[in-house]
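K.L.:
Sequence first, predicted model second:
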Amino acid sequence: MPIASMRRRLHLEKARSQRRGERTRDWKLLAMVLLGLSAPAIAAVIVIIASSRPDLFYAKFPAKTSDGIASIIDWETLDRLADMMERSKTYRAPHIFDSQVQLAGYMLPFGTDRDGDRVNTFLLVPDPGNLLHPPHLKDRGAVVVVRLEPGKSVRLTGKQQVWVRGRMSVQTFTEANVEAVFQMVATESSRSGESR
């Protein structure tokens, strides 16, 4: 093999090797740019997942509590009732307002009537929101203003599901960033995940 062809062959091998190295560097650079651009989105998804709780709006429960004293109401029913009452001013609320009812939800602090972490008034919502998205407090059918019976208080549970039992009433409530159609005078509130 002549020396000129060997030199030419070595030169071609060296050129191919350099191109492969450049392509590898290009792919590494592309991967770093894509990772840098997607990191904030991935972080946001992780924060939302880590700070979210199950949305109880579409959750279905048995019609009565295990002791048979109270009817269990779901959020979808309350929302439908709020819509009907808003559309028709003569609409009469059904039987749920004549007896004890029980509702699952999440407590949110409300008002200034507190004793440390104990409250006697709070908001009950089906979805407590997460670190990036606060709860929807303007959705009239998905917010209940709960007032405990006089002399009673309950520990604010934060983002833990609670069951609240009492008598519901239709009383439109609007204050700052809160709109509610329903209010409840609660006889009890429990953190258990099951109705009583």
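P.N.:
Okay, I see it.
K.L.:
Show the subsequent helix or strand relative to the longest helix along the chain.
P.N.:
Secondary structure of the chain per DSSP state H: the longest helix is helix 3-51. For helix 3-51, the following helix or strand on the C-terminal side (DSSP states H and E) is strand 71-73.
K.L.:
Now tell me what touches the helix or strand following that next one from outside.
P.N.:
Sequence order places helix 75-87 as the next helix or strand after strand 71-73, per DSSP H and E. Residues from elsewhere that reach helix 75-87, judged by CB atoms under 8 Å, 6 or more residues apart in numbering: 56-59, 91, 93-94, 96, 103, 105, 126, 139-142, 144, 170, 181-182. In short, each C-beta sits where N, CA and C put it, glycine included.
K.L.:
Buried by neighbour count, from those: which ones?
P.N.:
Among these, the ones that count as buried by 16 or more other CB atoms under 10 Å are 56-57, 96, 103, 105, 126, 139-142, 144, 181-182.
K.L.:
Pull up the distance across stretch 132-145, start to finish.
P.N.:
For stretch 132-145, the first and last residues are 24 Å from each other (CA to CA, to the nearest Å).
K.L.:
nope, stretch 169-189 is what I meant
P.N.:
Termini of stretch 169-189 sit 17 Å apart (CA to CA).
K.L.:
Average pLDDT for it, rounded please.
P.N.:
Stretch 169-189 shows a mean pLDDT of 87.
K.L.:
quick one on the thing from earlier: of all the buried ones among the contacts of helix 75-87, which two lie farthest apart?
P.N.:
96 and 139 (19.0 Å; CB to CB).
K.L.:
ok, the closest residue to residue 136 other than its chain neighbours - contacts?
P.N.:
Among residues not flanking residue 136 along the chain, residue 142 sits closest, at 6.4 Å (CB to CB, 6 or more residues apart in numbering). The contact partners of residue 142, by CB under 8 Å, 6+ apart, come to 57, 75, 78, 79, 125, 126, 127, 136.
K.L.:
which stretches of the chain have low pLDDT?
P.N.:
Judged by pLDDT under 70, the chain has its weakly predicted residues at 1, 4, 10, 12, 15, 89-95, 112-113, 192-196.
K.L.:
mind redoing it with 50?
P.N.:
Within the chain, the segments meeting pLDDT under 50 span 194-196.
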